[in-house]
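Asker: Provided below are the primary sequence and the corresponding predicted coordinates.
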Amino acid sequence: MAVNPCFRKGDLGLMSKKIYGELKPPERLLLGAGPSNIDPRVQRALSLPIVEHLDPYFMEVMDEIVELLRYAFKTSNYMTFPISGTGSAGMESAICNVIEEGDEIIICISGFFGERMSEMAQRYGGKVIEVRAPWGRVIEKEAVEDALANSKAKAVAIVHAETSTGILQPLKEISRIVHEYGALLIVDAVTSLGGCELDVDGWGIDICYSASQKCLSCPPGLAPITVSERAMNIIRNRRTKVRSWYLDLSTMEKYWLESNRVYHHTAPILLIYALREGLRLLYEEGLENRWARHEENHRALVKGLEEMGLEIFADRNYMCPAITAVNVPKGVSDEAVRRTLREEYNIVISGGLGELKGRIWRIGLMGINSNKKNILLVLEALKNALKKEEAKKPNNNKQP
Ligand SMILES: Cc1ncc(COP(=O)(O)O)c(C=O)c1O
């Protein structure tokens, strides 16, 4: 898109002459790290009439969302609702409600989003103890235990599905160890909720947050969160106020959960309708069926990629069913291939983040997008894009 000349300094007078056309976004198949495509039923929910955020009708919708989220998270936690904001708002809320100045917190880092948690905890005055594993590997439980034994950590934070590497982190054992040391377990389930097995109560997770735009097939903008009573007791007995006004769970609770609801902020009504529809879809399919569908399609994708000669990046024992990372073959331009996919096939896949930029592609099969047709489409497009790259190589253009 060309830079609008009206935005040059001193040119404001021209603005009235420009005609702004209707939006006509391209219809892309979003098979990257998120957002994924919106289910048509969710899309319809977005166009329903708006009501006020304290309308009796809307309060019923809110109650149902809370019930459906408890189902999705597999929890009976009273504190369960969507935060208005993207997944990072869920992350920030989990951290800023627990951490007070000087508190020790263990952050597990084996990818881009672990790094983000560490940065957030430091900004809220936490003394961060980092437990690291190479990107593409899981965090070892022994390393977490060692960090707990040598600190007074109040909490351990870890990413369940590390979207930047395609790893699904086992949590059960880590949870047992965290609780043995009396700490809280904070889990990022942004990419796993509604796509990979997750059992908040069964695994003893104290705070778990997610996002609407991945396996729930909704638009970005909401961060479902659930908090155990144990964590809420600690949060309610803080010495100091939570530093973020907006993300303070105890004040959001008064709007989302108390019978005498009190205004906190103007909830994004249409996004909440959309989330209800996304959760209704999950409930109709059933959690176990949903997980099995993602697992089966992930396996089919991996098989197809390997048959093309591509190599999986992540440790094969811990691959995440919702996002698959493959190595970019030597001598191939990551960007050129993704451009071909986008421009010639309308398919979007993601490149690598941080230290993996240019080195991997990430293919997401999330929510509605996890189906056989999409696997065939992306494999075919990728095969053709790679052929095109091969043809560009100087050796292949030499005249006999
Ligand atoms: C694992 C993980 N955590 C956190 C986030 C941040 O979510 P958002 O981009 O919705 O703020 C993402 C986004 O992709 C993610 O994959």
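Answerer: Done, it's in.
Asker: what are the ranges of the strands in the chain?
Answerer: Remark: strands assigned in the chain by DSSP state E are 29-30, 79-84, 104-109, 127-132, 155-159, 161-162, 167-168, 184-188, 207-209, 222-227, 323-327, 347-348, 350-351, 360-364.
Asker: Of those strands, which stretch is the most buried?
Answerer: strand 161-162 (a mean of 30; mean count of other C-beta atoms under 10 Å). Where you see a C-beta, it was placed from the backbone N, CA and C, and this is true even at glycine.
Asker: Each with direction, which strands does that strand pair with?
Answerer: Taking DSSP bridges as the criterion, strand 161-162 pairs within the sheet with strand 167-168 (antiparallel).
Asker: what comes into contact with the strand it pairs with?
Answerer: Strand 167-168 is contacted by residues 110-111, 136-138, 160-161, 192, 196, 314-315, 318-321 when judged by C-beta atoms under 8 Å, 6 or more residues apart in numbering.
Asker: how does it look with 10 Å?
Answerer: 110-111, 133, 135-139, 159-162, 191-192, 195-198, 298, 313-315, 317-323, 325 (C-beta atoms under 10 Å, 6 or more residues apart in numbering).
Asker: quick one, what contacts the closest residue to the ligand within the stretch 201-350 of the chain?
Answerer: Taking C-beta to the nearest ligand atom, the ligand has its nearest neighbour within the stretch 201-350 of the chain at Ala211, 4.3 Å off. Counting by C-beta under 10 Å, 6+ apart, Ala211 touches 34-35, 82-83, 85-91, 188-191, 193, 218, 220-224.
Asker: now Arg290
Answerer: With contacts defined as C-beta under 10 Å, 6+ apart, Arg290 is in contact with 72, 194-197, 215, 281-284, 367, 370.
Asker: now Val178
Answerer: Contacts for Val178 (C-beta under 10 Å, 6+ apart) come out as 106, 141, 144-145, 148, 153, 155-156, 158, 171, 184-186, 204-206.
Asker: May I have the residues that are in contact with the spatially most central residue of the chain?
Answerer: Note on the chain: the residue nearest the mean C-alpha position is Val190, at 3.0 Å, using C-alpha atoms, centre = their mean. For Val190, the contact set (C-beta under 10 Å, 6+ apart) comprises 34, 86-88, 90-91, 113, 159-163, 209-215, 223-224.
Asker: and it, how far is that from Ser84?
Answerer: Going from Val190 to Ser84 by C-beta to C-beta, to the nearest Å gives 16 Å.
Asker: And for Tyr20?
Answerer: 28 Å.
Asker: how deep is the residue nearest to Gly331 when sequence neighbours are not counted tucked in, by neighbour count?
Answerer: Nearest residue to Gly331 in three dimensions, chain neighbours excluded: Lys393, at 7.2 Å (C-beta to C-beta, 6 or more residues apart in numbering). The number of residues packed near Lys393 is 11, by other C-beta atoms under 10 Å.
Asker: List the contacts of Met319.
Answerer: Applying C-beta under 10 Å, 6+ apart to Met319 gives the contacts 165-168, 295, 298-299, 302, 312-313, 325.
Asker: Which of the residues you listed lies at the shortest distance from Arg276?
Answerer: Set against Arg276, the nearest of these by C-beta to C-beta is Glu295 (26.0 Å).
Asker: and the nearest residue to the closest one once chain neighbours are set aside, how many neighbours does it have?
Answerer: Counting by C-beta to C-beta, 6+ apart, Glu295 lies nearest to Pro321, which is 4.7 Å off, once chain neighbours are set aside. Neighbours of Pro321 under the rule other C-beta under 10 Å: 28.
Asker: quick one, what contacts Pro321?
Answerer: Counting by C-beta under 10 Å, 6+ apart, Pro321 makes contact with 161, 166, 168, 191-192, 195-197, 215, 291-299, 301-302, 365-366, 370.
Asker: So among those residues, which ones count as buried?
Answerer: 161, 166, 168, 191-192, 195-197, 215, 291, 293-295, 297-298, 301-302, 365-366, 370 (16 or more other C-beta atoms under 10 Å).
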